[in-house]
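J.: Sequence first, then the predicted structure:
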Amino acid sequence: MPANLTADFIKARNKLRQATSPQEKLAALEEMLATIPKHKGTDHMQADIKKRIAKVRGASGGSKKGKSSSYEHIPKDGAGQVVLVGPPNAGKSTVIASLTNAKPEVASYPFSTMIPVPGMMAFEDIMIQLIDLPPLAPDYTEPWVYSLIRSCDLILLVFDASDGELVKDEYDELEALLEERNIHLVMDRPEETDDRVRQIKTRILLTKTDLTDEETIAEAVALLPFPTLAISGSTGEGLDEMKQAVFEALNVVRIYTKLPGNKPDMTEPYALPTGSQAIDGVQAVHREFSDRLKYVRIWGSGRFDGQQVPSDHVLEDGDIIEIHLRKQATNP
């Protein structure tokens, strides 16, 4: 079964080959584990990477249950992995508690979040993974926090709206901390040419809008370089708009399936990157189907419903695909 390794995984593998210290090897292996596609075709590779991680940790005197390294990888789930990054007491935990089933500690004092807290946010008929991270601070931030940021699909920078013009100073400080670790904030993720630099799509949230006025919020928005949403986790203001903005920023399309002669299953779509082709939809359903594919019919982006399309047909959000396979050869 083909592994269909991603560009991020290949880059991580190249880092491993060039690594000279146990720390560099461990970081590369954990990045490989975070970016490897999760399906049956990579089961053995995943197991091998985990064994190598355990071996490197053991050789360097680390524990398999190390306090920091145990947090360096959170398996991606849903349509995308989104991390909430911000200074102390910005309101990240309140956002997570308002939008997911996670139970972070919500407190009025800074640094109440000490470990990553993942939760699943519902948007229409899909789920998106949000992760509440400890605050970034110039004095000290655990290395695993940056490892999680490097492997995510989208960064949400979170600031307290009541800080007004000070938000720009907080943004500049966070940007500098991230760039020191070769993490660059971008509007849209370009093709990466430097293996050392990770460019991650970024959006901004201004929280606690119920505790300030519109003029203060407008001052902060005008100073920030990325699309900014003003929300309140306490009152729910702006949360629906936030969900829509996160979905659009992830740049995915939802694909539904139907069996020949049956109604389509509109309950659990597959989330694929924008620009995916019909063959990618087939492989999302089952990797082995691509080897037996006869043709695909489509409802949605075709010229007419039920049109037979080539395997390189570009899928659009809401498309329904019907997969027809060649019969498997039987042994005489």
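T.: Arrived safely. Residues are numbered from 1 along each chain as shown.
J.: Low-confidence ranges, the stretch 1-150 of the chain, go.
T.: 1-4, 39-41, 57-70, 104-113 (pLDDT under 70).
J.: residue boundaries of the helices in it?
T.: 7-18, 22-35, 43-59, 92-99, 143-150 (DSSP state H, counting those that start in this stretch).
J.: Take the ones you listed and lay them out in a markdown table including mean neighbour count.
T.: The way it works is simple: take the backbone N, C-alpha and C, and place the C-beta from them, glycine included. Listed next are the helices of the stretch 1-150 of the chain as a markdown table, based on neighbours: other Cβ atoms under 10 Å:
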| stretch | mean neighbour count |
| --- | --- |
| helix 7-18 | 16 |
| helix 22-35 | 21 |
| helix 43-59 | 15 |
| helix 92-99 | 23 |
| helix 143-150 | 20 |
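J.: Let's have those in JSON lines, adding distance to Phe226.
T.: Shown next, in JSON lines, are the helices of the stretch 1-150 of the chain (distance: least, Cβ to Cβ, whole Å):
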{"stretch": "helix 7-18", "distance to Phe226": "22"}
{"stretch": "helix 22-35", "distance to Phe226": "24"}
{"stretch": "helix 43-59", "distance to Phe226": "34"}
{"stretch": "helix 92-99", "distance to Phe226": "17"}
{"stretch": "helix 143-150", "distance to Phe226": "15"}
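J.: Grab the nearest non-local neighbour of Ile74.
T.: With Cβ to Cβ, 6 or more residues apart in numbering as the criterion, Ile74 has its nearest non-adjacent residue at 5.6 Å, and that residue is Pro118.
J.: and the gap between the one you found and Ala102?
T.: 7 Å (Cβ to Cβ, to the nearest Å).
J.: what residues are shared contacts of these two?
T.: Common neighbours of Pro118 and Ala102, counting by Cβ atoms under 8 Å, 6 or more residues apart in numbering, are Leu130, Asp132.
J.: Between these two, tell me which one has more neighbours.
T.: Comparing Pro118 with Ala102 by neighbour count (other Cβ atoms under 10 Å), the higher total belongs to Pro118, at 19 against 16.
J.: beta partners for the residue nearest to Ile74?
T.: Taking DSSP bridges as the rule, Pro118 bridges to Ile131.
J.: got the contact list for it?
T.: Shown in contact with Pro118 (Cβ under 8 Å, 6+ apart): Ile74, Asp77, Ala102, Gln129, Leu130, Ile131, Asp132.
J.: same check, this time on Leu154
T.: So Leu154 contacts Gly80, Gln81, Val82, Val83, Ile200, Lys201, Thr202, Arg203, Val246, Ala249, Leu250 (Cβ under 8 Å, 6+ apart).
J.: Just the buried subset of those residues, please.
T.: By neighbour count, with 16 or more other Cβ atoms under 10 Å, these hold Gly80, Gln81, Val82, Val83, Ile200, Lys201, Thr202, Arg203, Val246, Ala249, Leu250 as buried.
J.: Could you chop this protein up by domain?
T.: Listed by automatic domain parsing, the domain ranges of the chain are 1-66, 74-250, 253-325.
J.: Could you single out the most deeply buried of these?
T.: Greatest average neighbour count among the domains of the chain goes to domain 74-250 (a mean of 18), per mean count of other Cβ atoms under 10 Å.
J.: and that one, how far from the chain's centre?
T.: Taking Cα atoms, centre = their mean, to the nearest Å, one finds domain 74-250 lying 12 Å from the centre of the chain it belongs to.
J.: End to end on it, go ahead and measure it.
T.: One end of domain 74-250 sits 18 Å from the other (Cα to Cα, to the nearest Å).
J.: Could you do stretch 206-219 as well?
T.: End-to-end distance for stretch 206-219, by Cα to Cα: 11 Å.
J.: could you give the mean pLDDT of it?
T.: Averaging pLDDT along stretch 206-219 yields 91.
J.: Stretch 175-185 now?
T.: pLDDT averaged over stretch 175-185 gives 94.
J.: Need the residues that contact that stretch.
T.: The contact list for stretch 175-185, computed with Cβ under 8 Å, 6+ apart, reads 85, 136, 138, 141, 146, 149-150, 155, 157, 196-200, 202, 226.
J.: rerun at 6 Å
T.: Contacting residues not belonging to stretch 175-185 are listed as Leu136, Tyr146, Ile149, Arg196, Val197, Arg198, Gln199, Thr202 [Cβ atoms under 6 Å, 6 or more residues apart in numbering].
J.: Could you export it as CSV, CA atoms only?
T.: Output in CSV follows, covering the C-alpha atoms of stretch 175-185 (Å, rounded to 0.1, in the frame of the first residue of the first chain):
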residue,chain,number,x,y,z
GLU,A,175,6.4,37.4,16.6
ALA,A,176,10.0,37.8,17.7
LEU,A,177,9.8,34.8,20.0
LEU,A,178,8.5,32.6,17.2
GLU,A,179,11.0,33.9,14.6
GLU,A,180,13.9,33.1,17.0
ARG,A,181,12.7,29.5,16.6
ASN,A,182,12.3,29.8,12.8
ILE,A,183,8.5,29.9,13.0
HIS,A,184,7.2,32.7,10.6
LEU,A,185,3.7,34.0,10.7
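J.: Okay, strands next: where are they in this structure?
T.: 81-85, 117-123, 126-132, 154-160, 183-186, 198-207, 228-230, 252-258, 265-273, 293-299, 307-309, 320-325 (DSSP state E).
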